[in-house]
Each structure stands twice: as C-alpha cells, then as structure tokens.
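Participant: next one to model:
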Amino acid sequence: MIKATLYVREHPCLSNDAIFSGAPMEGMKSDAFMVIELRRLLAEHGIALATQEVHPPSESAIVISHDHSLPFQAMRRAPGQKWYLLLYETATYHPHNYQPENQQVFDRIFTYNETVVDNRRFFLYRYAIDFESYPPFQRVTEAEFNRRKLCTLVAAAFGISPAQPGSGSLLHERYQALKWFSDNHPEELDFFSRGIDEKELQSLRGAGLLRRVLPAAFFTWLGHRRRRVFDRVFRGSIPPDDKISRLRDYRFAIAYENTGNVPGYLSEKLFDCLAAGVIPIYLGDPTVTKTIPADCFIDRRLFPSYEALYAYLKQMDYAEYARRIASIEAYLAGPGPAQLSSRSNAQAIAKVLLQDLEPSG
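Facilitator: Numbering: from 1, shown residues only. You can find the predicted model right below:
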C-alpha cells in the first residue's frame, strides 16, 4: 500500500482523519465529501490517504496540501516525493496560497480558475457540490408560491467595512443587501446565522489607529448600533441538515459568494437554493452562465440598486416564477451537475496523481 498525506490545518474538524468523517464542521454541513471520495478512489489503486498526523509527510509518496501552503515553505521534501496544492478557498480567506512564491514548491496545483489552467502544472477541478445529499426536486405550486415569504439570507460572514480595493471580496456587498432590507423592509427578509463576530461589528477602516485616539466606549456603541441592523431581521440558526427544507419557505434567497472575481468559483450557496426550488439572487462567479442557465437565478449585476431589485422581486407573478423553477428542474435533471459532483472532481484529481506515479519512460 502506497502512503499519501492530505495536509490540513490543525483543527479538530480536520486533523487526525476527522476530515474524512463527513461530520458537521462547526455547526455547518461538512464540505469534505470530495476528499472523502478521493480517498476512496485512491484506495482502489492501492494508495492510502490520511492526514499528516496519521501519515507523516516524510513517509508518503504523495503529499496534498488542502489549502495550506505555508508549512511547505520550510518543509523538507523526501526523495521522489510529489507535492500538490489543492486551492479550496479563494484569496479572500487565504491570500498566501495565491502568492506565486508560495506556489513554487508544488509540483501541481488544482484550481477552479480555468483562466490559469495549462494541464501541465495547473489543473482544473470544480468546487464539488454534494448533489447526492439533496432531496428529490419538488415543483412549486401556486398555493405554495402564495404562501412563501419573499426572501431569506443564510450566512455567517459579513464585511461591515468596505473591502480593500482589488480583493474581490463580496462580504461587504452581502452586508449591504442585509442592511438595505433591514432598513427598508425588515418584514420581507428572514436572516439566519450561527452568529456575527463582535469584532466585525466594531470594525472600521484604520481601526488600529482610531483605537489609540477614541475611547473604548465608542467602539462598544458602534457595535451595538450595527447589531440592530442584524437583529431586525435575525431569525436564529439553522441545523446543518435543515437548510434545504428551511429555504423552501421563501421565493428568493440572497446567495452571494465570499469572493466575486474568480472565474469558475461556484460554491454550494447557489446550488442549495436550486435544490430547494428557490430562486437565488446571485453574485459571484463572473462566468456563472457558462455553468448555470441564466433563467435559473437572478443576476444581481443587472440591477442598479436594491430598490430596483426589490421592485423586480415583488412584481414577479406565479407564471414567471414557475417558468424559472422549471428551468431549475431541467438543469438539475440534465448533464450539467455531473461536472460539479464529488465523483467527477475526485476522478480529475486522482487521474493526475496516478499518472505521476507511473514510471517514466
């Protein structure tokens, strides 16, 4: 049996093979189903994949960094060993993984950004969607349409301060959406979250300098003031496995990615809505229509303001809504989801690893 290492961050949800358990991660449904499938596929070829505590990198022929490039900058490579970088999250959260100097130590890099794919060093994979766990699709009757509330937003991460120029972060735009509804139509938006970070509520551009000159009471006041924006629409948290059923109480769901400047980065935020028979209001992947038909979602970029978006949502009748839901059903029943599945992505990665293990010549 050939040993392989999946190098993960030190965290109880990831370390000591916990990432392969499929258990919820910090109150959220596990998104590790692709690496679970990769482990299964590699085992069929005599390769045992485990995290670094179980398979120390020095003992493995293959080492895959799961979004964790920094330890490899000082790590010693064993003779004949191959190093791979799996880019899972965007630069919004892990900018160091995208710095060329930190990528140089890796033999191959797997990325969802097809603009850099050359099939020599950069290989395409997609953010895997756990389609297998979704319930059977249900159409929306007119009675259900009339019964549903207008809109929901399910998220934990927000950027109250504007994003740094060039970062691509959409966390502030997500906050802007919530704030607009909270200020103007709080009865039309239900917000669900595991909790908002108190530090974020007190954040300001240049806060480090301001904290030296402003009293602590100012930041406490600021946090309380901002919390009211969330509290007006907050409806509690949703258990990890209940998201789809809860989404179905709404006609629309705000589904913004954390980052909006990466072609091909499509996360579960959009697909959870589609699976629930809810029309997502989407902002994120600039090339989204290459993957998802335009009728399956509402493109936030097409509206000059939240007032215009709100007016559009309110005027949509059942006939138009049903037409869009039919487009969603057709997409989910067609060949499109296969390219985003756990199996197809695990196969794409396993193919490269297995080819690299073949004797040259």
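
Participant: contacts and neighbour counts: CA atoms only from here.
Facilitator: OK.

Participant: stretch 55-68: which residues count as buried?
Facilitator: For stretch 55-68, a neighbour-count test (16 or more other CA atoms under 10 Å) marks 55-58, 60-68 as buried.

Participant: for it, measure first residue to last.
Facilitator: End-to-end span of stretch 55-68 (CA to CA, to the nearest Å): 16 Å.

Participant: can you map out the strands along the stretch 201-350 of the chain?
Facilitator: Using DSSP state E, counting those that start in this stretch, the strands found in the stretch 201-350 of the chain span residues 250-256, 279-283, 298-299.

Participant: measure how the longest one sits relative to strand 279-283, angle-wise.
Facilitator: Here strand 250-256 runs at 20 degrees with respect to strand 279-283, directions being taken by axes from the mean of the first three to the mean of the last three CA atoms, to 10 degrees.

Participant: who touches strand 250-256?
Facilitator: Strand 250-256 is contacted by residues 145, 148-154, 170, 174, 247, 269-270, 273, 278-284 when judged by CA atoms under 8 Å, 6 or more residues apart in numbering.

Participant: at 6 Å instead, please
Facilitator: 148-153, 269-270, 278-284 (CA atoms under 6 Å, 6 or more residues apart in numbering).

Participant: what is residue 6 paired to in the beta sheet?
Facilitator: Beta-bridge pairing for residue 6 (DSSP bridges): residue 51, residue 64.

Participant: next one: it from residue 159, what distance?
Facilitator: Per CA to CA, residue 6 is found 31 Å from residue 159.

Participant: same check, this time on residue 139
Facilitator: 35 Å.

Participant: between the two, which one's more packed in?
Facilitator: Ranked by neighbour count (other CA atoms under 10 Å), residue 139 and residue 159 place residue 159 first, with 18 against 15.

Participant: of the contacts of strand 250-256, buried ones?
Facilitator: Judged by 16+ other CA under 10 Å, buried ones among the contacts of strand 250-256: 149-153, 269-270, 278-284.

Participant: find the residue at the geometric middle of the protein.
Facilitator: Closest to where the C-alpha atoms of the chain average out (CA atoms, centre = their mean) is residue 267, at 4.0 Å.

Participant: quick one, domains of the chain?
Facilitator: If you go by automatic domain parsing, the domain ranges for the chain are 2-128+341-357, 132-336.

Participant: quick one on the thing from earlier: per-residue pLDDT of the residue nearest to the centre of the chain, please?
Facilitator: Model confidence at residue 267, expressed as pLDDT, equals 92.

Participant: residue 165: which of the buried ones among the contacts of strand 250-256 is nearest?
Facilitator: residue 284 (16.2 Å; CA to CA).

Participant: residues contacting that closest one?
Facilitator: By CA under 6 Å, 6+ apart, residue 284 lies in contact with 256-257, 260.

Participant: of the strands of the stretch 201-350 of the chain, which approaches residue 289 most closely?
Facilitator: With CA to CA, the closest approach to residue 289 among the strands of the stretch 201-350 of the chain belongs to strand 298-299: 9.7 Å.

Participant: what lies in contact with that closest one?
Facilitator: 281-282.

Participant: in its sheet, what does it sit against?
Facilitator: Strand 298-299 is paired, per DSSP bridges, with strand 279-283 (parallel).

Participant: what are the phi and psi values at residue 77?
Facilitator: Main-chain torsions, residue 77, degrees, to the nearest 10: phi -80, psi 130.

Participant: now it, nearest residue through space, not along the chain?
Facilitator: Ranked by CA to CA, 6 or more residues apart in numbering and with sequence neighbours excluded, the top spatial neighbour of residue 77 is residue 58, at 7.3 Å.

Participant: returning to that earlier point: looking at the contacts of strand 250-256, which is nearest residue 107?
Facilitator: residue 284 (29.3 Å).

Participant: phi, psi of the nearest residue to that closest one once chain neighbours are set aside?
Facilitator: Setting aside the residues directly before and after it, residue 284 is nearest to residue 260 in space (CA to CA, 6+ apart), at 4.0 Å. Residue 260 has phi and psi values of phi -120, psi 10 when expressed as degrees, to the nearest 10.
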